[in-house]
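Participant: my questions are about this predicted structure, shown below with the sequence.
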Amino acid sequence: MKRSLSLVEIVVIIAVAVLFAVAVIALLSNAHPVVVAFCTVAALSLIMLMLRLNLSPDRLRARQSERTLKLAAQTLPFMQKGLSIESAQEVCKLLLPATEASAVSITDKEIILGYFGREMKSHRIGSPITTEATKRTIAEGRVQIARSHEEIGRSKTFKLLQAAICVPLFQHEEVVGVLKFYYRNAQQINANQLAMAEGLGGLLDMQLRLAELEHQRELAAKMNLKALQAQINPHFLYNTINTIASLIRTNPQHARILLREFAVFYRQTLEGSMEETTLDWEINQTLRYLGFEKARFGSDQIIVGVEVDEELLNIDVPAFIIQPLVENAVAHARRVDEPLHVYIRGSITGQRVVIIVEDDGIGMPESTQMMALKVSDPERTGVALKNVAERLEGFFGKNAGLEVQSEVNVGTRIILNLGLWDSCKVVKDDKSDNSR
């Protein structure tokens, strides 16, 4: 791997060149032998100094650490995608210059995923594993050093590469693949090359674990969404169907409108692909929900207000983050003898995107507020606020979250902090809700 020379090294090299030039000139001009000897000794001393500086253990360790950190940064974006043909081939290209090997290969347990270096035409990506050394590494789960064609277990027609180091790659304590370094001959395999191979194998192991953790986080977020959908569906479905059935007799035109809206609402709510959407879509879906509840309780019993900055309507948000909060207000905050006012507001406050869902209902005591974000039981806090908060954090990062403010007999305000405006993704394509 190439590196730039330090200032000390440059000065030493120039000094050595000058002293050798002086020594040669002095020798050719029949100068006093003492002058020639002095220049020669000085030049040799500077060479020894440079070698000592470059070969000191601290210097070598620092260089090795620098190379490892640089490789980690370069390979991480590819390994985050998991062990695949696309990621493995790019990683092989990055690893080869960092070694004295002639080729680098990555396999899973069955096929070659990536290969870069000499004899590329003989190691087709996607072809089955044929070398015995690789098969032994997978079976035994330990590093294998092959110092001949026979130990590698490959055809002697491949004459350029005659030795190899095979390092197992692990995930969940199970071998999932092999990282291989091929060499021209066994003499090239020394302690440094072995340590480097094992270190790079450990680096890829760690990155595979990180990729798996990220995959599990995404799956958990999707499962949380499914759980939220399951929580809201049964009672709401039953109540809305009853409302539409009663309106068929008294107001058939309104019933037809509600039935059409209900079909749109449920199709979009239950779509498996809607893990994320735009804020505009989320608000319109919530307004559909409120339309059904108005039909159920009376249009004068639920009053809705929406004030959202227009530039926020096309930002990407997790689906199903506003409707659950509004449903909680309708289900738990309504007074019997007074209408419920629900407000949805969105603005950029101090460079942060903030969405507020507020009602003037019965409010919550302090003890309930404290538990609202700690429990996942919808029977205690409506549709689980903890679930919504975790999905916000998973989508926008650690700086996002949900805050509950409530006062008994005054109302409840729930603040969704989506993080910095600059970090929000604005959808350029038309994903807005055009079905209303």
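Facilitator: Yes, it's here.
Participant: so how far is V178 from R124?
Facilitator: Counting by C-beta to C-beta, to the nearest Å, the gap from R124 to V178 is 17 Å. For every residue, glycine as well, the C-beta is placed using N, CA and C.
Participant: what sits against Y289?
Facilitator: Y289 makes contact with F236, F265, Q323, V326, E327, according to C-beta atoms under 8 Å, 6 or more residues apart in numbering.
Participant: who has more neighbours, R124 and V178?
Facilitator: A count of neighbours by other C-beta atoms under 10 Å puts V178 above the other of R124 and V178, at 27 against 11.
Participant: I'd assumed that one was in a strand, is it?
Facilitator: Yes: V178: assigned to a strand according to DSSP: H, G, I helix; E, B strand; the rest coil.
Participant: I'd say it and I106 touch.
Facilitator: Yes: contact criterion C-beta atoms under 8 Å: V178 and I106 qualify, at 7.2 Å.
Participant: overlap in contacts of the two?
Facilitator: Between them, V178 and I106 share these contacting residues under C-beta under 8 Å, 6+ apart: L169.
Participant: okay, stretch 122-133 in CSV with CA atoms only?
Facilitator: Provided in CSV are the C-alpha atoms of stretch 122-133 (Å, rounded to 0.1, in the frame of the first residue of the first chain):
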residue,chain,number,x,y,z
SER,A,122,-9.6,-19.5,-13.8
HIS,A,123,-11.6,-18.5,-10.8
ARG,A,124,-15.0,-17.5,-12.2
ILE,A,125,-17.3,-15.7,-9.7
GLY,A,126,-20.3,-17.9,-9.0
SER,A,127,-18.5,-21.2,-9.7
PRO,A,128,-18.4,-24.0,-7.1
ILE,A,129,-15.6,-24.3,-4.5
THR,A,130,-13.1,-26.9,-5.7
THR,A,131,-10.0,-26.4,-3.5
GLU,A,132,-9.6,-28.9,-0.6
ALA,A,133,-8.0,-26.2,1.6
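Participant: what's it in contact with?
Facilitator: Contacts for stretch 122-133 (C-beta under 8 Å, 6+ apart): 85, 89, 103, 105, 107, 109-115, 135, 138, 144, 146, 151-154, 158, 164, 166, 180.
Participant: just the buried residues of those.
Facilitator: Buried members of those, scored by 16 or more other C-beta atoms under 10 Å, are 89, 103, 105, 107, 109, 112-115, 135, 138, 144, 146, 151-154, 158, 164, 166, 180.
Participant: need the contact list for the closest residue to N185 other than its chain neighbours.
Facilitator: Nearest residue to N185, sequence neighbours excluded (C-beta to C-beta, 6 or more residues apart in numbering): Q162, at 5.4 Å. Counting by C-beta under 8 Å, 6+ apart, Q162 touches S148, H149, I152, Y183, R184, N185, A186.
Participant: closest one to L71 out of those, please.
Facilitator: Distances from L71 to those, taken as C-beta to C-beta, are shortest for Y183 (19.2 Å).
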